[in-house]
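1. how would this look folded up:
(chains A and B)
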Amino acid sequence: MNLLNRLTKGMGREIGLLVALFLMIAIFALIDPIYLSPGNLLDIVDQSTINGLLAIGITFVIITGGIDLSIGSIMAIVIVSVGWFLTKQGMNPILAIILGILIGAVIGLFNGLLVTKFKLQPFIATLATMSAFRGVAYIITNGWPVLNIPQNYRDMMDGDLVGNFPISIPILLAFAIISHIILKKTRTGTFVFSIGGNEEATRLSGINVDFTKMVTYALCGVGAALAGMVMLARLGTGEPAAGQGYELYAIAAAAIGGTSLAGGKGSILGTLLGALILSALKTGLVVIGVDSFWQYIAMGTIIAVAAYFEIIQSKFSGFGKRLSGKR
Amino acid sequence: MRRIGNLKALVLILLIVIFATACASKNEAGNDTVAPAAPAETATFNPDEADGVDFKQMREQNGVVPKPSGSIKLGSVSKAFENEYWRTLKEGMELGAKTMKESGIDVSVDVRSAQGEGDEQGQLSVVKDMINKKYSALLLSPISDGNLTPGVEDAKKAGIPVINVNDGLIATAPNFVGPKAIENGELAAEWIADKINNQGEVAIVIGMPKAFAARQRTAGFENWMKENAPDVKIVEKQNADWDRSKARDLAETWIKKHPDLKAIFANNDTMALGIVEAVKASGKQILVVGVDGIGEAYESIKKGEMSATIDSFPKYKGQISVEVALRILGGQQLPRVIWTPQALIDSTNVNTPAEEIIGWENAKFE
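-> Coordinates of the predicted model:
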């Protein structure tokens, strides 16, 4: 019991999410048993990879109290440029993937620059770049999609590893683990939380706030780049219009996972579970045949409910601490 | 202990939400209900049912195009050039003006667009600019069914003829040039029914039904099946926001849920191409039919992946709309609606030139 307590210490949110996820799966399975088929369960994970990668990236930014609305557009730039490298340049896929990640990071740094050096509010800065980056993506291909993405690249980013198990899932997990380590085990991670908690105090204590923030935006760009490259492999075509509105689902996944939009709070595991819950919900609504208009309402409700429980939970845990303190 | 209490409540609410939506929607999403083909209150004008002729009939009835006096400058406002469809329509209009110019008629066309399909106001300001610059006639494809209405009123005051091209609809414009949208879905339904011997399970991926044409495609498909192939069951119908990746995800789930699924009809080619990826991954033989006839769809049909697309030939539609503008400027009285050609493209005719499929001839002048 003691061990269990220690293991789960500070993870109430994540455990709650896990229980909610399992219950959701159970309910959908009761309505339509096909939901529980291995193929469908794999689809749930598979269909959460793109949103998961985006959401992990944006979690860093949100913890600092920022936001990045431009991730859908970053995705599009990476999609068309990597597509261009592969088809028009005949580039080695590994090189193209590395370049894609770099492009994501550089674009993210640009967002970070606007936020730190030009002192733009993150919402406004990335609202501006959301539009501008989308334009860049259109200009790169003149609005046309990049066709015939080579099969070796597609296998590398979304091929089957064993059976029907796609390689995109390990890519998501690898990015999640690296992100978790950065956030929880490095000094940068500590600074990220402390900026979100109290930016001014962090600055006064001599920490390079601007640099740390730039790192978070760069990581967010890398997440978007990975998401874009998985999508490119999955669809076999690179569209400059890809990823529109995807930022909202990424923010939703982070929020459901307990990342506070006010900053200072959040975890990669939570975000990952948030992405899985959204995917399980979406797939479930499709499997049981809910009308698409109602799906919007269901998605919205889940986001609101999850956020509401975040509030209740923190209130109660504070209350509990006070009680035990008195004793 | 308190935390556990919270969990219970969290779970309970999730339960309620899910059941509520599930129950509420079961009634709404019944598969045997047929989508209304434009509900009455919005259908002040439905070009599919209006008094119309197809473009060949128009040519027969009205003879040659009157030669305009002086130079003609047409203005066209499109939805968004991000979309290949609108780019091709633009090319068609420019080609139409160019061929006329080569035969000695002084016509030019300026095709502009809004900044994306969400830019209703921006599109209106382009129209107003063209009115201020006194263009000879306007060819308009509004983003929504209402956003250009003020511009059309201004144009009327300024005596500039307005021609509504393709979609959305301008109820107050005197003429509409575009395909019979409902026929789009009917052609797809007819082809699929024939290929699956009039029985089996099919599914529809719809785009966000904001535009008239999109609503009509689904309605045409469903109504045709209901009337002509009652043994074809439409087992799923969901929205994928015109998004390739979302359409792929939907198809992936459906293929597992309905192992006997025979065909999927998508409201446009982009979504159909996403579905093709899901079908390929499943290793099954499922027919995929899209709408629009974009280049990538042609490539996919040639490769034997996508089954068919309904092409409404924007390149020729553009030329027809320019011709219609000149007829109106020349004083001809045209019917309310001029239907432009469309055809189903599959492996049998994917290499046939469009001119041949629709029997195209350039417009003749006096």
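
2. Please make it C-alpha for all contacts and neighbour counts, starting now.
-> Noted.

3. and residue 249, how many residues sit next to it?
-> Picking chain A for this. 19 (other Cα atoms under 10 Å in any protein chain shown).

4. look at chain B instead
-> When neighbours are counted by other Cα under 10 Å, B:Asp249 registers 22.

5. Can you name the residues that contact B:Gly200?
-> By Cα atoms under 8 Å, 6 or more residues apart in numbering or on different chains, the contact list for B:Gly200 reads B:231-233, B:260-262.

6. centroid residue for the chain?
-> If you meant another chain, say so; for now it's chain A. Centroid-nearest residue in chain A: A:Ala55, 1.1 Å away (criterion: Cα atoms, centre = their mean).

7. try again with chain B
-> Most central in chain B (Cα atoms, centre = their mean) works out to B:Ala213, at 4.5 Å.

8. Would you map the helices across the stretch 1-150 of chain B?
-> B:2-28, B:55-62, B:84-102, B:120-132, B:149-157 (DSSP state H, counting those that start in this stretch).

9. Kindly report the same for the stretch 51-200 of chain A.
-> A:71-87, A:93-116, A:122-141, A:151-158, A:168-185, A:187-197, A:199-204.

10. Return the set of buried residues in the last one.
-> What it means is helix A:199-204. Buried residues in helix A:199-204, counted by 16 or more other Cα atoms under 10 Å in any protein chain shown: A:199, A:202.

11. Burial-wise, tell me which of the helices of the stretch 51-200 of chain A comes out on top.
-> Most buried of the helices of the stretch 51-200 of chain A by mean neighbour count (mean count of other Cα atoms under 10 Å in any protein chain shown) is helix A:71-87; its value is a mean of 28.

12. Which ones among the contacts of B:Gly200 lie within helices?
-> Nothing among the contacts of B:Gly200 maps onto helices, per DSSP state H.

13. Dump those to a markdown table, plus neighbour count, distance to chain A and pLDDT.
-> Below are those laid out as a markdown table (neighbours: other Cα atoms under 10 Å in any protein chain shown; distance: Cα to the nearest Cα, whole Å; pLDDT from 0 to 100):
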| residue | neighbour count | distance to chain A | pLDDT |
| --- | --- | --- | --- |
| B:Asp231 | 14 | 20 | 95 |
| B:Val232 | 20 | 18 | 96 |
| B:Lys233 | 20 | 14 | 95 |
| B:Asp260 | 14 | 14 | 95 |
| B:Leu261 | 22 | 14 | 96 |
| B:Lys262 | 23 | 17 | 96 |
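
14. Tally up the residues packed near A:Arg234, please.
-> Neighbours around A:Arg234, by other Cα under 10 Å: 24.

15. dump the residue contacts of it.
-> A:154, A:157-158, B:277.

16. my guess is A:Leu42 contacts A:Ile167, does it?
-> No. With contact defined as Cα atoms under 8 Å, A:Leu42 does not count as touching A:Ile167 (11.9 Å).

17. closest to chain B out of the helices of the stretch 51-200 of chain A?
-> helix A:122-141 (7.1 Å; Cα to the nearest Cα).

18. That closest one versus helix A:93-116: what angle between them?
-> 140 degrees (axes from the mean of the first three to the mean of the last three Cα atoms, to 10 degrees).

19. do helix A:122-141 and chain B meet?
-> Yes. For helix A:122-141, a contact with chain B is found by Cα under 8 Å from any Cα of the partner chain, at A:Tyr138.

20. could you say what helices and strands that helix packs with?
-> If contacts are counted by 3 or more Cα pairs under 8 Å, 6 or more residues apart in numbering or on different chains; DSSP states H and E, helix A:122-141 sits against helix A:71-87, helix A:93-116.

21. repeat that with 6 Å
-> With contacts taken as 3 or more Cα pairs under 6 Å, 6 or more residues apart in numbering or on different chains; DSSP states H and E, helix A:122-141 sits against helix A:71-87.

22. Now the helix it packs on - C-alpha only, CSV.
-> Extracted in CSV, the C-alpha atoms of helix A:71-87 (Å, rounded to 0.1, in the frame of the first residue of the first chain):
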residue,chain,number,x,y,z
ILE,A,71,1.0,24.2,-35.1
GLY,A,72,-1.4,23.2,-37.8
SER,A,73,0.3,25.6,-40.2
ILE,A,74,3.8,24.4,-39.1
MET,A,75,2.6,20.9,-39.8
ALA,A,76,1.6,22.0,-43.3
ILE,A,77,5.0,23.7,-44.0
VAL,A,78,6.9,20.5,-42.9
ILE,A,79,4.5,18.3,-44.9
VAL,A,80,5.0,20.2,-48.2
SER,A,81,8.8,20.7,-47.7
VAL,A,82,9.5,17.1,-46.7
GLY,A,83,7.3,16.0,-49.6
TRP,A,84,9.3,18.3,-51.9
PHE,A,85,12.6,17.0,-50.6
LEU,A,86,11.5,13.4,-51.2
THR,A,87,9.8,13.7,-54.6
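
23. and that helix, what's its mean pLDDT?
-> For helix A:71-87, mean pLDDT rounds to 97.

24. on contacts alone, who are the packing partners of it?
-> Looks like helix A:71-87 contacts helix A:93-116, helix A:122-141, helix A:209-235, helix A:246-256 (3+ Cα pairs under 6 Å, 6+ apart).

25. could you redo these as a markdown table and give each row mean pLDDT?
-> Output for these, formatted as a markdown table (pLDDT from 0 to 100):
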| stretch | mean pLDDT |
| --- | --- |
| helix A:93-116 | 97 |
| helix A:122-141 | 95 |
| helix A:209-235 | 97 |
| helix A:246-256 | 94 |
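
26. Rebuild those helices as JSON lines, extending it with distance to A:Glu200.
-> Formatted as JSON lines, the helices and strands packed on helix A:71-87 follow (distance: least, Cα to Cα, whole Å):
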{"stretch": "helix A:93-116", "distance to A:Glu200": "13"}
{"stretch": "helix A:122-141", "distance to A:Glu200": "16"}
{"stretch": "helix A:209-235", "distance to A:Glu200": "9"}
{"stretch": "helix A:246-256", "distance to A:Glu200": "24"}
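
27. So which of those helices is nearest B:Asp54?
-> Checking the helices and strands packed on helix A:71-87 against B:Asp54 by Cα to Cα gives helix A:122-141 as the closest, at 35.5 Å.

28. what does the stretch 101-250 of chain B have sitting close to chain A?
-> B:238-239 (Cα under 6 Å from any Cα of the partner chain).

29. Could you list the low-pLDDT ranges of the stretch 101-250 of chain B?
-> Within the stretch 101-250 of chain B, the stretches with pLDDT under 70 are B:209-211.

30. Just confirm A:Ala307 is within a helix.
-> Yes. Counting by DSSP: H, G, I helix; E, B strand; the rest coil, A:Ala307 is found in a helix.

31. How about it, nearest residue that isn't a chain neighbour?
-> Of all residues not flanking A:Ala307 in the chain, A:Ile256 sits nearest, at 6.1 Å (Cα to Cα, 6 or more residues apart in numbering or on different chains).
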